[in-house]
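Asks: Build me a structure from this.
(one chain, ligands or ions: 1)
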Amino acid sequence: MKVNPTYNTKETLLALYNKPLLELVFEAATIHRQFHNPREVQMSSLLSIKTGGCSEDCGYCPQAARYSTDVEAHKLMTVDSVIEQAKNAKANGSSRLCMGAAWREVRDNKDFDNVIEMVQAVNNLEMEVCCTLGMMNEDQAKRLKNAGLFAYNHNLDTSKEFYGDVISTREYEERLETIDNARKAGITVCSGGIIGMGEAVEDRIGLLMSYMEMETPPNSIPINALVAVEGTPLEDQKPIEQWEMIRMVAVTRIAFPESVVRLSAGRTKMNMEAQALCFMAGAGSIFAGDKLLTTPNPDFNEDKEMFEILGLIPKAAFAEGEQPVSNPDPIVDARKKKEAERAEQLLAAKQAGFEPRKVTTVEN
Ligand code: SF4
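Replies: Residues are numbered from 1 along each chain as shown. Here you go, the predicted model:
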């Protein structure tokens, strides 16, 4: 992944951001055509595999346990229900499934083993599998890679300077570390930001500068508009203008010509014309399906109609890199073996006439 050497400073990026809009879009569209097929837009689906109850305090997030929102907390989905949802997303044209869990960090427990199985299963459906599970260490990243994970999403959200106004429970540096761990394990990196949280334009540029300063910028950069949810600290933020989203997409495209710029949350507030300008300016992916984790999103049919009107083609899976191999996971296999042995022992005991001990409790 390369960066554009013409725009690798705060000053040049800021001047680019402030260009007359149509000139900016034209420049972005020109670069987009050099590196990507402008008719292709990837349809991705985002599935919340574990919802709510998160211990973090991200000011925009209705899944943080400390905020009182309408989000209903759910335990981790079963592997079978994830497979069913993945098949449905694929049948509707999605070539990538991003599975999100509202965790502060990955823990080495049965839930993570189940996520490993989900990754194996969805990769076997020949869909790009992306996970967003919070912070993770190098060993966890290696397990995900071994299971066939294509991408790991971990957003920086905003500039280093503004970050503390939005999140206090983990450091910017910790986020960079997780991104590094994914990269070291050979997983492609998806990392982007949210605009409309009350940040200055300089913070939007600061976010891009953080990616500029990386050894390799992210393979994909999602650009989100804040969806202000009642009960979160950012509930009163005014929605951003559509033009701001178009500018941000265009500047990101120009600065990181090889990365996939993903037009992500906030599309329900954009009309088709504004989305068309985003595609023109280099957005190469949308999230399809009526939910984006917990916030609303246009449904599959609306997007199919938009693709037809704009002459867009859904991008196939693995256009940006080979499909990873899903290898067996020794920890999952050992657990399954143990469970099977236990089930056999129970069956044998039952056949021999032993009944499991009944525990009775006396109520007061
Ligand atoms: S964005 Fe992620 S880490 Fe932050 S509160 Fe929401 S679920 Fe937790």
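Asks: give the contact list for the residue nearest the centre of the chain.
Replies: Central residue of the chain (CA atoms, centre = their mean): Asn153, 4.6 Å from the mean position. Taking CB atoms under 8 Å, 6 or more residues apart in numbering, we find Asn153 in contact with Cys98, Gly100, Cys130, Cys131, Thr132, Cys190, Ser191, Pro222. (Each C-beta comes from the backbone N, C-alpha and C, glycine too.)
Asks: for the record, mean pLDDT for stretch 178-186?
Replies: Summarised as a single mean, pLDDT over stretch 178-186 is 97.
Asks: chain center to it: distance?
Replies: Relative to its chain's centre, stretch 178-186 lies at 15 Å (CA atoms, centre = their mean, to the nearest Å).
Asks: swap in stretch 1-12?
Replies: For stretch 1-12, the distance to the chain centre is 25 Å (CA atoms, centre = their mean).
Asks: Would you mind measuring from the residue in the stretch 151-300 of the chain that the ligand sits nearest to to Asp57?
Replies: Ranking the residues of the stretch 151-300 of the chain by distance to the ligand (CB to the nearest ligand atom) places Ile167 first, at 6.9 Å. From Ile167 across to Asp57, the span is 6 Å (CB to CB, to the nearest Å).
Asks: again with Gly198
Replies: Remark: distance between Gly198 and Asp57 (CB to CB) = 16 Å.
Asks: And Val166, by the same measure?
Replies: As judged by CB to CB, Val166 and Asp57 stand 9 Å apart.
Asks: For these two, indicate the residue with more neighbours.
Replies: Val166 (20 against 17; other CB atoms under 10 Å).
Asks: Show me where the stretch 201-350 of the chain has its strands.
Replies: 220-225, 260-263, 283-287, 291-292, 295-296, 313-314 (DSSP state E, counting those that start in this stretch).
Asks: longest helix of this structure?
Replies: helix 330-351 (DSSP state H).
Asks: so for that helix, what's the average pLDDT?
Replies: Rounded mean pLDDT across helix 330-351 is 91.
Asks: for the ligand, what are the nearby residues on the stretch 1-150 of the chain?
Replies: Contacts of the stretch 1-150 of the chain with the ligand, taken as CB under 6 Å from any ligand atom, map to Cys54, Glu56, Cys58, Cys61, Gln63, Ala64, Ala102, Arg104, Gly134.
Asks: are any of those residues buried, and which?
Replies: Buried members of these, counted by 16 or more other CB atoms under 10 Å: Cys54, Glu56, Cys58, Cys61, Gln63, Ala64, Ala102, Gly134.
Asks: The fourth one falls within a helix, correct?
Replies: No - looking at Cys61 with DSSP: H, G, I helix; E, B strand; the rest coil, it is coil, so not inside a helix.
Asks: Can you verify my assumption that it contacts Thr232?
Replies: Yes - between Cys61 and Thr232 a contact is recorded at 6.6 Å, counting by CB atoms under 8 Å.
Asks: Please, where are all the helices along the stretch 101-250 of the chain?
Replies: Applying DSSP state H, counting those that start in this stretch to the stretch 101-250 of the chain gives helices spanning 110-124, 138-147, 160-166, 172-184, 201-212, 242-255.
Asks: Next, the buried residues of the last one.
Replies: In other words, helix 242-255. 242, 244-255.
Asks: Give me the contact list for it.
Replies: With CB under 8 Å, 6+ apart, helix 242-255 has contacts from 3-4, 7-8, 13, 16-17, 21, 24-25, 27-28, 31-32, 192, 195-196, 204-205, 208, 211-212, 221, 223, 225, 259, 261, 263, 266, 269-271, 274, 277-278, 281-283.
Asks: what mean pLDDT does it have?
Replies: The average of the pLDDT scores along helix 242-255 is 97.
Asks: And for the longest one?
Replies: Per-residue pLDDT values across helix 110-124 average out to 97.
Asks: Please apply the same query to stretch 5-16.
Replies: Stretch 5-16 comes out at a mean pLDDT of 96.
Asks: go on, stretch 221-229?
Replies: Here the average pLDDT along stretch 221-229 is 94.
Asks: Tell me if that stretch is near the ligand.
Replies: No - Stretch 221-229 is not in contact with the ligand by CB under 6 Å from any ligand atom; minimum separation 10.7 Å.
Asks: CA atoms of that stretch as CSV?
Replies: Output of stretch 221-229 as CSV, limited to C-alpha atoms (Å, rounded to 0.1, in the frame of the first residue of the first chain):
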residue,chain,number,x,y,z
ILE,A,221,-10.1,3.0,5.2
PRO,A,222,-13.7,3.2,6.3
ILE,A,223,-15.1,6.7,6.5
ASN,A,224,-18.1,7.0,8.8
ALA,A,225,-20.5,9.9,9.6
LEU,A,226,-21.6,9.9,13.2
VAL,A,227,-25.0,8.4,13.8
ALA,A,228,-25.9,10.3,16.9
VAL,A,229,-27.7,7.9,19.2
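Asks: That'll do, ta.
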